[in-house]
Each structure stands twice: as C-alpha cells, then as structure tokens.
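In: Sequence and computational prediction follow.
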Amino acid sequence: MPLAAEPDDTHEEGEDQQLLLAKKGEPTLEGLVVGSYCHDVLIRGGRVVGETLGGAAAFVSNVLDAASPREAEQGEAPFVVVSKVGRDFAYASAPAPARRPPLLCASPTTSFHAQFSDAAASAHAPDRELRRVHACDPIYPADLPDRRFAYGLAVGVAGEVLPETLERMIRLCRAVLVDAQALIRAFDGDGAVGHVALEDTPYARLLPRVAFLKASSEEAPYVGVETARRRCCVIVTDGRDGCRLYWDGGEARVAPFPAVQVDPTGAGDSFLAGFAAGLLWGLSATDAALLGNFFGAAAVSQVGVPTFHPKMLQG
Ligand SMILES: Nc1ncnc2c1ncn2[C@@H]1O[C@H](COP(=O)(O)OP(=O)(O)O)[C@@H](O)[C@H]1O
Ligand SMILES: O=P([O-])([O-])O[C@@H]1[C@@H](O)[C@H](O)[C@@H](O)[C@H](O)[C@@H]1O
C-alpha cells in the first residue's frame, strides 16, 4: 500500500509502512498533535448527564501515552500537543492537559453539547447530535514548534486546524495523519454540526501530501472515498462494525473488538491515535487499524476520556 509521497521528505520506494519508524541512529520519533482540548456536555433525554474533558487532543494524548507507557512513566514526551483553551478551561489538572498544557487565549474554551437519544446506548440508535456552543481561537502556523517531527496528527474538532496550519504540519512532519472532522465540519447559526464536501474546502489540494485520512461512516460521503483513495490511504471507521482501509488499488476490512457502549465520544480520536501508535510499533496498516479498533472499543466503554491501565496491552 503506497503512502502519499512525502513532499518535503524523500523516502525510498517501498518504505510504505516504515515512514513512522525511527531510522538507524535516529532519536525517538517525536509526534506533533494539533487540535484543541474542549469542554463536552453530555445530554440524554433533555438532561445533562455528564460534563467532561473533550477534544481529540485529550483522547489522542490518552492513547499515545497508554501505547508508550515506558516513555510516559519516565516523563519522556514522545509527542507534543498544540492546543488552545480559554481562561475558563476546567480541566487543566487532568492528565493530558497537565502533561501537555494548552495555549491560553482570551476567547472561551471550545465547548460541545452532545445530545443523545434515550436509546442511544442501544444497538442501532444514532449515537449523538453535536452542537458547538463556544469556539476558541484557531491554531495558526506560527503556533507550531519550529522543528521536524516524525509524524503529525491533525485532529481539530471545531475548525481550529486552518488549511495553512495543516500545510505547515506537512512541511514539519515526515507523515501526517488527518481526522476528516478537522476538515469538513460546518456549523450553523446555532452551532449544530454539519458537513461540507472535502472537495469544496481549501484542504482538498493538500490531500496528496497526507499519509492517512480517517473518516467516520457518517463523514465518508463528504470525503468522497473513491476520489480521496487515489491521493492517500483512507480509513473509514464504522462503529461496532470496525473499519475499512481504502488505497489506490486495494481495500481491507478490519474487525472490531466487542464493547458495551456507554459513551461513543472519543471513539474516532482514540482509534486514530491507536492506529498511529501501531504504525510507530512497526505494524502494517491493517494491523495498526486493529490496534485502533482496540482503543476505539475501549473508549466507548467509558464516559469521557477513558482510563487505560498499563497492563491492558501486555500480551
Ligand atoms: N460500539 C462499539 N463497539 C466496538 N467498537 C467500537 C464501537 N464504537 C466504536 N468502536 C471502535 O472505534 C472506532 C471508531 O468509532 P466510530 O464511532 O466509527 O468513530 P467516530 O467517533 O469518528 O464516529 C470503530 O472503527 C471501532 O473500531
Ligand atoms: O467522538 P469523536 O468523533 O472521536 O471526537 C469527538 C468530537 O467529535 C467532539 O466534537 C468533541 O467534543 C469530543 O470531545 C471528541 O473529540
């Protein structure tokens, strides 16, 4: 499966899955996670049933730390997070923001209300309706550290990863993985989350320089998988049915792990981080997707940012 050509980094043909692996003599691969922490308010049957830390940066950091427990214990930071919050941010002491503090802005912290139907935990109910209540400042190219990274994760939730910021990530990182929700979300006057076609956004021209694009089954029609797969590897996640990988010339289904869903929030973020961790371990893309499915299933089994126990990954 050929990865997207690296526009700013040459690599030998055939090093498809090796892009995220340290080369001989290289220091530990450092990652760049770009996306904002946020406040999540969970509403079921018209009542607030939970208020939690959210934002892909929180879920992604959680998984990357769980997948590299030795570095996390030794205080090594195999990745940096560029995130923005307001002075009202309520979770500064939570593990992820405490380890990787966000930039403080004058604007309020991004906040989402996730409305679940009463049956949302059942097998086939739509999992949630999202509304963006507040949006913090965008993340600008100048907010990114001026150094090279082995990989980047563009994981905005409220439009904070600007096209020019993604372009800078591509220049700084050997391989960039993108969550489609950072590219195709649109918000109406009340903040209700909708989607626009990726082709109609300024991000479309950057796709040939992206290694992996992850989209949920709800987002996939707006991504245009048949077009996108000719530019980069596209992963479509499908909740309890696992995920499928599409590249130019092939596709593969990767089975899910069983889970009792109590809160679908963060499943996609956790999947993408688990997938990236799998590539860093040297797994093939399909085996890395299986690790992503593992973390996605673990995420839905808990409310908010899940707790992963270090032993959970020991064979
Ligand atoms: N109810 C579930 N049971 C088992 N695995 C799940 C469940 N929901 C999500 N997952 C896992 O998490 C991944 C991402 O979930 P999904 O809901 O598709 O993403 P998103 O949050 O972006 O909509 C799925 O591919 C699957 O592996
Ligand atoms: O559930 P998921 O799609 O992986 O990602 C979620 C976002 O879609 C949502 O906007 C945000 O409020 C959550 O904290 C989480 O980041």
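Out: Yep, it's here. Model, not experiment: these values are computed from the prediction. Ligands and ions are numbered 1, 2, ... in the order given.

In: who in the stretch 201-315 of the chain is up against ligand 1?
Out: Within the stretch 201-315 of the chain, the positions adjacent to ligand 1 are 216, 237-240, 242-243, 256-257, 259, 261, 264, 267-268, 271, 293, 296-297, 300 by C-beta under 6 Å from any ligand atom. Placement of C-beta: from N, CA and C, glycine included.

In: Show the contacting residues for G296.
Out: T237, P256, F257, A267, G268, S270, F271, G274 (C-beta atoms under 8 Å, 6 or more residues apart in numbering).

In: let's see 7 Å
Out: T237, A267, S270, F271, G274 (C-beta atoms under 7 Å, 6 or more residues apart in numbering).

In: For the residue nearest to the last one when sequence neighbours are not counted, what is the enclosing helix or strand?
Out: It refers to G274. Once flanking residues are discounted, G274 sits nearest to F295: 3.4 Å by C-beta to C-beta, 6 or more residues apart in numbering. Secondary structure from DSSP states H and E places F295 in helix 285-300.

In: Could you list the buried residues of that helix?
Out: Buried residues in helix 285-300, counted by 16 or more other C-beta atoms under 10 Å: 285, 287-300.

In: which SSE is F271 in?
Out: Per DSSP H and E: F271 is located in helix 267-280.

In: Show residues contacting that helix.
Out: Contacts for helix 267-280 (C-beta under 7 Å, 6+ apart): 17, 20, 29, 56, 59-60, 63-64, 67, 151, 153, 155, 177, 179, 214, 216, 235, 237, 287-289, 291-296, 298-300.

In: so how many other residues sit close to the residue lying closest to T237 once chain neighbours are set aside?
Out: Closest residue to T237 apart from its sequence neighbours, by C-beta to C-beta, 6+ apart: C243 at 4.3 Å. Per other C-beta atoms under 10 Å, the neighbour tally for C243 reads 27.

In: got the residues of the stretch 1-150 of the chain near ligand 2?
Out: So the stretch 1-150 of the chain meets ligand 2 at C38, D40, G54, G55, A56, F59, F112, L130 (C-beta under 6 Å from any ligand atom).

In: want to throw those residues into TSV with neighbour count and pLDDT?
Out: TSV is the format used below for those (neighbours: other C-beta atoms under 10 Å; pLDDT from 0 to 100):
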residue	neighbour count	pLDDT
C38	29	98
D40	24	97
G54	27	97
G55	35	96
A56	29	94
F59	31	97
F112	23	97
L130	19	94
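
In: Filter those down to just the ones in strands.
Out: Among these, the members found in strands (DSSP state E) are C38, D40, G54, F112, L130.

In: hang on, isn't the first one packed against F112?
Out: What it means is C38. Yes: between C38 and F112 there is a contact under C-beta atoms under 7 Å: 6.0 Å.

In: shared neighbours, the two?
Out: In contact with both C38 and F112: G54, using C-beta under 7 Å, 6+ apart.

In: Next secondary structure after the worst-scoring helix or strand of the chain on mean pLDDT?
Out: Ranking every helix and strand in the chain by mean pLDDT, DSSP states H and E puts helix 69-73 at the bottom, with a mean of 66. Sequence order places strand 79-82 as the next helix or strand after helix 69-73, per DSSP H and E.

In: Alpha carbons of that next one, as CSV, please.
Out: Taking C-alpha atoms only, strand 79-82 is exported to CSV below (Å, rounded to 0.1, in the frame of the first residue of the first chain):
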residue,chain,number,x,y,z
PHE,A,79,4.9,13.8,21.2
VAL,A,80,3.9,17.4,21.7
VAL,A,81,0.4,18.8,21.7
VAL,A,82,-0.6,22.2,20.3
